[in-house]
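J.: I would like the atomic coordinates for the input below:
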Amino acid sequence: MTQHLLLASSISSLDAARVLFDGIPLDRVSTSMTINAPAAILLAMVIAVGKEQGVDPSALRGTVQNDILKEYTARGTYIFPPRPSMRLVTDLFRYCAVKVPKWNTISISGYHIREAGSTAVQEIAFTLANGIAYVQAAIEAGLDVDTFAPRLSFFFNAHNDFLEEIAKFRAARRLWARLMRERFAAQDPRSWTLRFHTQTAGSTLTAQQPENNTVRVAYQALAAVLGGTQSLHTNAWDEALALPTDESATLALRTQQILGLETGVTEFADPLGGSWYLEAKTAELAEEAAGIMEDIRELGGMVRAIAEGFVQKQNNRCFRRDSV
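T.: Numbering: from 1, shown residues only. Predicted structure coming up:
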């Protein structure tokens with residue numbers, strides 16, 4: 001059974017990576033790294049430590065976020081302008097397809113876009129538009145879509161509007177499958193699948209009566225599961241105040257375990273499918289998101305839309321740098 005390790009540490013050298021992974025067998029652990037601009041460097045460190053452990057790169061499992069486009073619109077932790085950064089992303093696709101085939105080469109993130117002020121519709125549209133840009137760039141670099149698309153993954157936010165969030169996840173899955181089949185002519189069914197991780201919404205946590213955040217997190221997590229998420233992160237109730245305590249982090253974990261082991265909701269695929277409201281809401285969100293994505297296409301694609309500030313203007317609280 002593969003165990004999963006989420007890195008939360010400063011890794012600025014190979015020696016630091018050796019310390020981090022000391023005693024951790026990299027052939028038995030899936031490592032997830034929320035790293036973007038330096039993604040190739042961090043993956044190289046994992047490969048190097050793995051080789052020192054006697055682990056062939058082909059046996060490594062894990063994820064690098066490697067989603068540089070959302071950095072320009074939501075977080076700002078980029079190093080190079082958009083187009084050179086896209087080259088680094090697709091180079092990593094190419095390398096891993098041959099050398100590290102079990103590695104998830106990107107986690108296309110709507111989470112940070114939503115945290116920066118977007119609506120549910122915008123979260124779908126901007127995230128999938130980023131995905132389109134990565135797929136198109138990889139194809140233009142000479143890669144066959146079915147060699148890299150099965151390793152693409154996504155990362156979404158679970159916000160407060162319970163039914164809207166469920167519909168959001170369903171709409172994103174529907175749109176991505178259609179895009180991969182019709183626009184990019186992917187033949188492998190795995191290329192059509194929108195595999196995604198979900199984190200509950202940090203921006204909804206309150207410092208006032210913070211114990212109530214426990215309820216918010218539980219409902220947000222339930223929405224993610226009912227929407228079809230493959231993995232889940234539940235925030236701790238006290239994160240609006242400080243770093244989580246051991247007790248609050250444990251409660252966040254127990255929230256997932258109760259949801260996964262005691263409610264029975266994980267035993268069914270799309271358990272709310274067929275609900276009149278949910279089907280209508282899913283179709284509504286998909287249609288509205290597709291309209292925004294078409295606007296981006298008419299602008300010349302996501303890289304150009306970012307360079308011209310289109311996406312940044314849509315997010316009320318997104319910051320913008322002149323160097324973009």
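J.: in the stretch 1-150 of the chain, what spans have low per-residue confidence?
T.: 1-9 (pLDDT under 70).
J.: those strands in the protein, which residues are they?
T.: With DSSP state E, the ranges of strands along the chain come out as 3-6, 29-33, 61-64, 103-104, 106-109, 152-158, 196-200, 231-233.
J.: need the winner for burial among these.
T.: Most buried of these, by mean neighbour count (mean count of other C-beta atoms under 10 Å): strand 106-109, with a mean of 28. The C-beta positions use only the backbone N, C-alpha and C, and glycine is treated the same way.
J.: what's that one in contact with?
T.: For strand 106-109, contacts defined as C-beta atoms under 8 Å, 6 or more residues apart in numbering pick out 32, 63-67, 70, 89, 92-93, 127, 130-131, 134, 151-155, 197.
J.: redo that, cut-off 6 Å
T.: By C-beta atoms under 6 Å, 6 or more residues apart in numbering, the surrounding residues in contact with strand 106-109 are Thr63, Gln65, Asn66, Asp67, Lys70, Thr127, Asn130, Gly131, Leu152, Ser153, Phe154, Phe155.
J.: distance from the chain centre to that strand, please.
T.: The chain centroid and the centroid of strand 106-109 are separated by 4 Å under C-alpha atoms, centre = their mean, to the nearest Å.
J.: re earlier: of all the strands of the chain, which one is nearest Gln257?
T.: For those, the distance to Gln257 is smallest for strand 231-233, at 10.8 Å, taking C-beta to C-beta.
J.: coming back round to it: turn the strands of the chain into JSON lines, including distance to Arg181.
T.: Below are the strands of the chain laid out as JSON lines (distance: least, C-beta to C-beta, whole Å):
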{"stretch": "strand 3-6", "distance to Arg181": "30"}
{"stretch": "strand 29-33", "distance to Arg181": "28"}
{"stretch": "strand 61-64", "distance to Arg181": "24"}
{"stretch": "strand 103-104", "distance to Arg181": "21"}
{"stretch": "strand 106-109", "distance to Arg181": "18"}
{"stretch": "strand 152-158", "distance to Arg181": "14"}
{"stretch": "strand 196-200", "distance to Arg181": "18"}
{"stretch": "strand 231-233", "distance to Arg181": "25"}
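J.: tell me which of those sits nearest to Val303.
T.: strand 106-109 (14.1 Å).
J.: direction included, what does the closest one pair up with?
T.: strand 152-158 (parallel) (DSSP bridges).
J.: angle of the partner strand against strand 29-33?
T.: 70 degrees (axes from the mean of the first three to the mean of the last three C-alpha atoms, to 10 degrees).
J.: state the distance from the residue nearest to Ala48 when sequence neighbours are not counted to Trp103.
T.: Leaving aside its sequence neighbours, Ala48 sits nearest to Leu14 (C-beta to C-beta, 6 or more residues apart in numbering; 5.9 Å). Applying C-beta to C-beta, to the nearest Å, the value for Leu14 to Trp103 is 18 Å.
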